[in-house]
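Undergrad: Quick check, what structure comes out for this input:
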Amino acid sequence: FTLFCFLLFILFMSLSSAAVAARIVRVGWYNFGALSTYTPSADPRSLTSDEDLPGVYGGYNYEYLRMISQINGWQLRFVPGTINESLDRLQAGEIDLVGGVGRIPSREKKFAFPINSVLNTSIGLIARADDLRFTLNDLDSLHSIRVGAVADSNPLFRMQEWSRERSIPLQFVTYPSFEAMYAALNAGEVDAVTDSLIVQQPNRKILVSIESLGVYFIGNKNNPQLMQELDDAITQIQYLKPGYQEALVSKYLYPQSHSSFALSQKEQAHLNELIASGKPLQVSFSSSWFPIEYTDPETGEVRGIMADIFARISQLTGLKFTYITSPEKSSSAQIHASMSTDFSWADLHNSYLSQTVFDIPIFLVTHKEKQNWNTVAITSDSHLAESVKKRLAKNEPFIQYLRCSTTEECLNAVQEGRSGRTYINSYELNYYMNQNKFSTLSLQPVPGFNEAISIGVSKDEDPLLCSIICQALRSSGQSGS
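TA: Here you go, the predicted model:
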């Protein structure tokens, strides 16, 4: 009995110590569309509360951060303010994290960025929907217009670079917050604003989209341990919850951009021609790339993430699609359902590229017991295989490659000891690891190694078709997610 009481005491003290040791993480918080929201009226202390109170804080970043804190055992505390106030507090060490931040050189000098982003989005110019002076991609109409921007922000930096490269003189007017910037747009003080296109507001239209970028939680350079915990948690989310990011995009950001589908006159005319022809567009589609694109073994119907995306494109545009799953006939297709976001690879396949549809982390798969490290299983003629070979050639010039037809064959090769390792994206990983026959395999993420996927459009088609698909992706919330 005495020993039992002693052990119980030790357990109690251990739990008490763990509770005391729980890290309190203070987060700079500002209103940023659907990414991060703050509702002062729900805050009983009127702008003074830093507690995580129901209904006070919300949005994409909030839910993602709650998942990170759950993994790490963090206790979150929030400090409301503007983005620039939050960044000043972070630099001064008054808070620990700020979310919704893009990489620019001035910020990389001041703050610590993790390896992993939590979102990909595009930067662009946004005008009022009722301003008839401007239409999509009409660059001539942009000369010398007044553009509102948040001071020292990523959109400002990127748009300044873009305007210099294109020799389009834009007059930038800076504001301390997004609220002030949009108020200026509504009041007619500026003609357009530059912002992330994934946080669109009502009565807005996109004039130009310039590039896809990562969105990060950032920290103070003097706190590397916190940043390591942050990075590790994001990696764990990517592994344990594949599709989590896409689910959050659908929940918070898809409704924001759904109403923004608008085409230029040339795009609309070409779309009308395609629909009037009555011919469905042929789409090259894999029958066995689980769960991204595949055919139902019983019905033969196309399934997967890309099938759902093309269904949304069809709803928005009125286009009809027919799917080619035969590799021999895929070269005749007008559209490639999935193509790696690599322009050299696209040129090799005579294709234009849409924006990135999703960006998937890559994992290394090995066997817990069998070792044949110098033999790597890869899928034939895939972009991932080429990326793996380029990556390994730098430090492992004596690697031999075992070519397989499918990812499942690669996993079987590792399972049977014919290969020591293979590389697989997290979506496929989740699908195959649910099968008991692969339970003896070991998995680990490869830092900084992702597979970005776009839609490819044959260069034999009018480039306007690619532009129409890009607009549909943007409007369906599938751009850069």
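Undergrad: Show me what stretch 180-193 is in contact with.
TA: 125-128, 131, 133-134, 142, 145-150, 173, 175, 195, 201, 207 (C-beta atoms under 8 Å, 6 or more residues apart in numbering). C-beta: built from backbone N, CA, C; applies to glycine.
Undergrad: So how do I select the buried members of these in PyMOL?
TA: Of the contacts of stretch 180-193, the buried ones can be selected in PyMOL as follows, counting by 16 or more other C-beta atoms under 10 Å:
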select buried, resi 125+126+127+128+131+134+142+145+146+147+148+149+150+175+195+207
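Undergrad: In helices only, show me the contacts of stretch 180-193.
TA: Nothing among those maps onto helices, per DSSP state H.
Undergrad: Out of the contacts of stretch 180-193, name the ones that lie in strands.
TA: Counting by DSSP state E, the contacts of stretch 180-193 place 125-128, 146-150, 173, 175, 195, 207 in strands.
Undergrad: which one among these gets closest to Leu248?
TA: For those, the closest approach to Leu248 (C-beta to C-beta) belongs to Asp195, at 19.4 Å.
Undergrad: What's opposite the closest one in the beta bridge?
TA: Judged by DSSP bridges, the bridge partners of Asp195 are Gly124.
Undergrad: wouldn't it be in contact with Arg158 here?
TA: No. Counting by C-beta atoms under 8 Å, Arg158 is not a contact partner of Asp195; they are 10.6 Å apart.
Undergrad: overlap in contacts of these two?
TA: Common neighbours of Asp195 and Arg158 (C-beta under 8 Å, 6+ apart) are Ile123.
Undergrad: Can you tell me how far Tyr401 is from Lys389?
TA: Separation of Tyr401 from Lys389 (C-beta to C-beta, to the nearest Å): 7 Å.
Undergrad: Please apply the same query to Lys459.
TA: On the measure of C-beta to C-beta, Lys459 and Lys389 end up 26 Å apart.
Undergrad: for Glu189, same thing?
TA: From Glu189 to Lys389 the distance is 54 Å (C-beta to C-beta).
Undergrad: What count of nearby residues applies to Asn84?
TA: For Asn84, the count of nearby residues is 17 (other C-beta atoms under 10 Å).
Undergrad: For Glu396, grab phi and psi.
TA: phi -130, psi 70 (degrees, to the nearest 10).
Undergrad: which residues touch it?
TA: Taking C-beta under 8 Å, 6+ apart, one finds Asn374 in contact with Glu396.
Undergrad: how about a cut-off of 6 Å?
TA: Residues near Glu396 by C-beta atoms under 6 Å, 6 or more residues apart in numbering: none.
Undergrad: how many other residues sit next to Ser405?
TA: Using other C-beta under 10 Å, Ser405 has 12 other residues around it.
Undergrad: Tell me the spacing between the closest residue to it other than its chain neighbours and Glu409.
TA: Once flanking residues are discounted, Ser405 sits nearest to Ser380: 6.3 Å by C-beta to C-beta, 6 or more residues apart in numbering. With the distance defined as C-beta to C-beta, Ser380 ends up 10 Å from Glu409.
Undergrad: Mind checking which of those two has more residues around it?
TA: Glu409 (17 against 11).
Undergrad: Look up which helix or strand the more buried one falls in, please.
TA: Taking DSSP states H and E as the definition, one finds Glu409 inside helix 407-415.
Undergrad: So what does Ile145 look like in phi/psi?
TA: phi -70, psi 160.
Undergrad: contacting residues for it?
TA: Asp191.
Undergrad: And it, how far from Val173?
TA: Noted for Ile145: a distance of 11 Å to Val173, by C-beta to C-beta.
Undergrad: for Val147, same thing?
TA: Val147 is 7 Å from Val173, by C-beta to C-beta.
Undergrad: do the same with Met433
TA: Taking C-beta to C-beta, one finds Met433 at 52 Å from Val173.
Undergrad: what does Arg77 give?
TA: Separation of Arg77 from Val173 (C-beta to C-beta) stands at 34 Å.
Undergrad: now Val56
TA: Counting by C-beta to C-beta, the gap from Val56 to Val173 is 32 Å.
Undergrad: With Leu87 instead?
TA: 20 Å.
Undergrad: and if you look at Phe217?
TA: 29 Å.
Undergrad: average pLDDT for whichever strand or helix holds Gln315?
TA: If you go by DSSP H and E, Gln315 is part of helix 305-317. Mean pLDDT, computed over helix 305-317, is 92.
Undergrad: Repeat that for stretch 106-113.
TA: Stretch 106-113 comes out at a mean pLDDT of 93.
Undergrad: How far away from the center of its chain is it?
TA: Distance of stretch 106-113 from its chain centroid, counting by C-alpha atoms, centre = their mean, to the nearest Å, is 21 Å.
Undergrad: That stretch: which residues count as buried?
TA: 107, 111-113.
Undergrad: ok, now stretch 458-468?
TA: Those would be 458, 461, 464-468, for stretch 458-468 by 16+ other C-beta under 10 Å.
Undergrad: same question, stretch 28-46
TA: Counting neighbours by 16+ other C-beta under 10 Å, the buried set in stretch 28-46 is 28-38, 43.
Undergrad: just stretch 183-190 next, same as before
TA: 184-185, 190.
Undergrad: same question, stretch 282-296
TA: In stretch 282-296, the ones that count as buried by 16+ other C-beta under 10 Å are 282-287, 289-295.
Undergrad: which residues are contacting it?
TA: 302-306, 321-325, 330, 333-337, 406, 427, 431.
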